[in-house]
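K.L.:
need a structure here:
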Amino acid sequence: MQNPSQGSLFFSEPPAPSLAPADARERLAALRDAIATHDHRYYVLDAPIVSDAEYDALYRELQQLEAQHPGLIAPDSPTQRVGGRPLPEFPAVRHTVPMLSIRTETDTEASGARAFDARVRRELGLEENDPPIAYLAELKFDGLAVSLRYENGVLVQGATRGDGETGENITQNIRTIRAIPLRLNTGDAPPPATIEIRGEVYMRRADFEKLNDRQRAAGEKTFVNPRNSAAGSLRQLDSSITAKRPLSFFAYGLGEMAGWKLPETHGDVLDAIERFGFPVDKHRQRVLGADGLIAFHQNIAALKDTLPFDIDGVVYKVDSLVLQQQLGFVTREPRWAVAHKYPAQEQFTTVQQIDVQVGRTGKLTPVAKLSPVFVGGVTVTNATLHNEDEIKRKDVRVGDTVIVRRAGDVIPEIVAVVIERRPEGTHAFEMPRQCPVCGSAVIREEGVVGAYCSGELFCPAQRKQALLHFAGRRAMDIEGLGDKIVEQLVDKEMVQSAADLYRLTQNDFLGLDRMAEKSAANLCAALEKSKLTTLDRFIFALGIRHVGEATARDLAQHFRSLDALMAADGATLVAIHEIGDVMAESIHSFFSEPRNRDIIAALCAAGIHWPDVAVAATTSGPLTGLTFVLTGTLPTMSRDEATRRIIEADGKVTGSVSKKTSYVLAGEVPGSTLAKAQSLKVPILDEAALLRMIEKPAS
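P.N.:
Numbering: from 1, shown residues only. From the prediction side, this is the model:
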């Protein structure tokens, strides 16, 4: 911790009540310098290095210290202006009507709203029994405030808020935003001589994601969040760059005005602005008293994560313009308005360590262990880093200060690293080569984003998923072995792998919750019945990554024995139709893992067997040489039935469309498979057409 007299950018300890004037003067100077630096980084450089909470703490300390020593308040103190400076590259614009900030409440919906309503009523001299005040409640957008000046109905100037008194002339960039009209729509009425429309330029979440996708594809820097990307886009010196950015706009008020009759309420002003042709958010609502404000705050909180754009709170404004004028301003803030924020969705914290979790499918996911931070309404201690490529792209390291984002029920994630606060001696993260759960080799297939544990059959992290797949109807078809039973068997450590299923007795099953004698007997019978299967079903049941039913059939038909398949190398596997390099590597890695082979041997020792695989007939069926992909719901057949009919007719069924696909069999509500087939010009069949092909005699 630095001495309070030093100009630390991060120090925010409240001043001692007995701070001497000389010490107070020094501390005030340090605080002003620190806040000015943060204002510059945030508003000008778009590169903040502190969170909103850290900035607010510095600002509150400055306010408290100035309140204790009012004689030391300087004209250039951040408390005497809104904050920020225009970039020197843009011409300055003097706001005739200042663009002021409004007071912020961060208390709960009840206390924050009631405190504001109580202040307003007190300023207006209202008694307890007087009628409630009408407010207009709006969303608080997370973008960049701008002012749009129209003269005789034509857009002549666009400017940023800047420090509230002076902003930046960004007219050419503003003109690229299609949501902003170049001419007011006033119908037959004459337009105002002068009118300034004020509002927020922002970026929709979907547009933000698309922009970052384009940035990545071009090998360029991605943006941290929609707010920063909107601000950065408006400050481009080349307006052609701004034109390529997907910016949006919401209007929320007026500035200078002449030659236009002002309505009586703020709500009427917004309605008029909307008629001029501006987008005005539809969630605005006229409410009465504190109870109305509270209800609005709660309703927006429930739906804010479903909005297509970011908000960080709501805004309450006295609706009557006469009452607004009567209330006036205090310092640089209107008494008639307040912003009521929700818990921050982004905060700064530090990375304590990076762990690697293994999912049910064997996928390895790096997870950052964080210093606890309150974000999005909850205390967050973990954040996903998704995969190896993502952690390398963001260059997250143990010890880093990071920006963490959480919105609603979305898993917290690290959106950026504050490189300026990186301590010395950090090291880049490396994905482990062995599974942290079972010690198996970790595989990273070419062209695949994630890394995976190769111990599919025995890794404890994958055990439940492996057992459920093994018992599935299309695999070993062990009727009655569902989710709840598998969960108990694993949790009670009764099975370590699929081979252990065949050691269980009826008494073992009776020890499970809600397991009756008849059910236990039926399960034992189903296990015994499953011992007689086919080679292709057994291969599919092993759960080898990328190996579906069709590939399992191809492997069984090609090798005709399990031993031959287990001994095959990559080159042999690639030679098989429809098996590429990635699938071949997955199969080879699976059978190269000794513990997978041990479990296969144990399954065979338990009695699992199958008839010899017959050599494929030399005669051709009606679908010989044809490959099908199925999508959607068929009128009379299940997809299993359709698959069986195609195979019996000597056709093949695969899981994904490629240029080699002969036909796509489509039913109702087809998935993305249909669109891909159409793009590749693969012929589309319905059920009736397929049946006609099957019934046609083979040539």
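
K.L.:
so how far is Glu445 from Arg595?
P.N.:
Separation of Arg595 from Glu445 (C-beta to C-beta, to the nearest Å): 20 Å. All C-beta spots, glycine's among them, are computed from the backbone N, C-alpha and C.

K.L.:
and Ala337, how many neighbours does it have?
P.N.:
The number of residues packed around Ala337, counting by other C-beta atoms under 10 Å, is 23.

K.L.:
what's the answer for Phe249, then?
P.N.:
23.

K.L.:
show me what contacts it?
P.N.:
With contacts defined as C-beta atoms under 8 Å, 6 or more residues apart in numbering, Phe249 is in contact with 146, 177, 179-180, 199-202, 278-279.

K.L.:
Just send those residues back as a markdown table, with secondary structure too.
P.N.:
Written out in a markdown table, the entries for the contacts of Phe249 read as follows (DSSP: H, G, I helix; E, B strand; the rest coil):
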| residue | secondary structure |
| --- | --- |
| Val146 | strand |
| Ile177 | coil |
| Ala179 | coil |
| Ile180 | coil |
| Gly199 | strand |
| Glu200 | strand |
| Val201 | strand |
| Tyr202 | strand |
| Phe278 | coil |
| Pro279 | coil |
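
K.L.:
Got a quick PyMOL command for the buried subset of those residues?
P.N.:
What follows is the PyMOL syntax for the buried subset of these, where burial is set by 16 or more other C-beta atoms under 10 Å:
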select buried, resi 146+177+180+199+200+201+202+278
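
K.L.:
my guess is Arg284 contacts Tyr135, does it?
P.N.:
No: applying C-beta atoms under 8 Å, one finds Arg284 not in contact with Tyr135, separated by 10.6 Å.

K.L.:
more crowded one of the two?
P.N.:
The neighbour count for Arg284 versus Tyr135, taken as other C-beta under 10 Å, is higher for Tyr135 (30 against 21).

K.L.:
Quickly find the element holding the more buried one.
P.N.:
Taking DSSP states H and E as the criterion, the element that holds Tyr135 is strand 134-141.

K.L.:
That strand packs against which elements?
P.N.:
The elements that strand 134-141 packs onto, with contact taken as 3 or more C-beta pairs under 8 Å, 6 or more residues apart in numbering; DSSP states H and E, are strand 248-258, helix 266-275, strand 285-288, helix 289-303, strand 311-318, strand 337-341.

K.L.:
Check the offset of it from the chain's centre.
P.N.:
27 Å (C-alpha atoms, centre = their mean, to the nearest Å).

K.L.:
shift numbering so it begins at 50
P.N.:
Will do, 50 is the new start, and the previous item becomes strand 183-190.

K.L.:
so for it, what's the average pLDDT?
P.N.:
Strand 183-190 shows an average pLDDT of 96 in the prediction.

K.L.:
which residues make contact with it from outside it?
P.N.:
Looking at what lies outside strand 183-190 - C-beta under 8 Å, 6+ apart - the contacts are 249, 251, 299, 301, 314-316, 319, 330, 332-338, 341-342, 345-346, 349, 358-369, 388-390.

K.L.:
just the strands in the stretch 50-199 of the chain please.
P.N.:
Using DSSP state E, counting those that start in this stretch, the strands assigned to the stretch 50-199 of the chain run over residues 141-143, 152-154, 183-190, 193-200.

K.L.:
For Met480, find the nearest of these.
P.N.:
Met480 lies closest to strand 193-200 among those, at 38.7 Å (C-beta to C-beta).

K.L.:
if I look at the nearest residue to Ile290 once chain neighbours are set aside, how far off is Arg253?
P.N.:
Setting aside the residues directly before and after it, Ile290 is nearest to Ser282 in space (C-beta to C-beta, 6 or more residues apart in numbering), at 7.5 Å. In this structure, Ser282 and Arg253 are 13 Å apart, going by C-beta to C-beta.

K.L.:
So between the two, which is more surrounded?
P.N.:
Regarding Ser282 and Arg253, a neighbour count based on other C-beta under 10 Å identifies Ser282 as having more, with 24 against 17.

K.L.:
Helix or strand next in line after the host helix or strand of the more buried one, which one?
P.N.:
Under the criterion of DSSP H and E, Ser282 resides in helix 275-283. Later in the chain than helix 275-283, the nearest helix or strand by DSSP H and E is helix 288-292.

K.L.:
Against which helices or strands is that next one packed?
P.N.:
The elements that helix 288-292 packs onto, with contact taken as 3+ C-beta pairs under 8 Å, 6+ apart, are helix 220-223, helix 275-283.

K.L.:
I'd like the average pLDDT over the longest one.
P.N.:
The one in question is helix 275-283. Rounded mean pLDDT across helix 275-283 is 87.

K.L.:
what residues does it touch?
P.N.:
Counting contacts by C-beta under 8 Å, 6+ apart, the residues outside helix 275-283 that touch it are 92, 95, 191-193, 195, 209, 219, 222-223, 250-254, 256-257, 260, 272, 290-291, 294, 296, 358-359.

K.L.:
picking that back up, want to throw the contacts of Phe298 into CSV with pLDDT and distance to Ala164?
P.N.:
Rendered in CSV, the data for the contacts of Phe298 read as follows (pLDDT from 0 to 100; distance: C-beta to C-beta, whole Å):
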residue, pLDDT, distance to Ala164
Val195, 96, 30
Ile226, 91, 36
Ala228, 90, 35
Ile229, 91, 36
Gly248, 97, 27
Glu249, 96, 25
Val250, 96, 31
Tyr251, 95, 28
Phe327, 94, 32
Pro328, 93, 31
